[in-house]
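Visitor: only geometry, no sequence info:
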């Protein structure tokens, strides 16, 4: 049971938009920066979004991040078959004194 | 290019020790925190341990506290994870990750090293 709650899966047709929610609490998401990661099977995760909404160089602007209160959201527009992967949110929990990740969301392109 | 190369993963018996190492290159090692994240087979990511840029502060997940120790050596740009009292539930791929402020963000990730406790 993860401290951060993500939907197990989301899906949409190519070209459409999906959003992935990450629900936490005051001690984690509300007080700290959120980051997002993309992971393809058998490979290491890669950073997609950091500091709630910033994109590292090389990440297309189809990927966006936002945060409000105790929740964060990853958006993917113009969905492509190459976006099929698992996505994780992460942050720091000020009470646990530890890093935490969401349980992960599998994105399927129909 | 920033790179992280893990080593030390192995098959180990329950209760046994194991030491993982991660050699960093391509960035100023002493200016970033370092973290270990693991992923059990078919499961999600689990933050395991982090160490500040200076090495003065360390942090652990509750599941490994008292059994794992993270350390770093700026002379060799290496971060290590000393594991003891290993359990079957510690079986996972262990990733070494460069991080900002221990858990603000993680980038890049190493390729991972497999630890199997059986």
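Guide: Structure's in. What do you need? Treat the numbers as computed from the prediction; the structure is a model and nothing was measured.

Visitor: how about the residues of chain A that lie near chain B?
Guide: Where chain A comes near chain B, counting by CB under 8 Å from any CB of the partner chain, the residues are A:2, A:32-33, A:35, A:37, A:39, A:44-47, A:50-51, A:56, A:86, A:88, A:90-92, A:96-104. In short, each C-beta sits where N, CA and C put it, glycine included.

Visitor: Contact residues of chain B facing chain A?
Guide: Going by CB under 8 Å from any CB, the residues of chain B near chain A are B:35, B:37, B:44-47, B:50, B:59-62, B:95, B:100-112.

Visitor: Let's see which of those residues end up in strands.
Guide: Among the residues of chain B next to chain A, the ones falling in strands (DSSP state E) are B:35, B:37, B:45-47, B:50, B:59-60, B:95, B:100, B:105-109.

Visitor: Show me the beta-bridge partners of the closest residue to residue B:112 other than its chain neighbours.
Guide: For residue B:112, the nearest residue in space outside its immediate sequence neighbours is residue B:93; the separation is 4.2 Å by CB to CB, 6 or more residues apart in numbering or on different chains. When bridges are called by DSSP bridges, residue B:93 pairs up with residue B:39, residue B:114.

Visitor: repeat for residue B:24
Guide: residue B:4.

Visitor: That one: neighbouring residues, count only.
Guide: When neighbours are counted by other CB atoms under 10 Å in any protein chain shown, residue B:24 registers 22.

Visitor: Which one of the residues in chain A is closest to chain B?
Guide: residue A:99 (3.3 Å; CB to the nearest CB).

Visitor: A helix includes residue A:27, no?
Guide: Yes. Counting by DSSP: H, G, I helix; E, B strand; the rest coil, residue A:27 falls inside a helix.

Visitor: for chain A, longest strand please?
Guide: strand A:85-93.

Visitor: What's the first helix or strand after that one?
Guide: Sequence-wise, the next helix or strand downstream of strand A:85-93 (DSSP states H and E) is strand A:98-101.

Visitor: and that following strand, what does it pack onto?
Guide: Strand A:98-101 sits against strand A:85-93, strand B:33-39, strand B:45-51, strand B:58-60, with contacts defined as 3 or more CB pairs under 8 Å, 6 or more residues apart in numbering or on different chains; DSSP states H and E.
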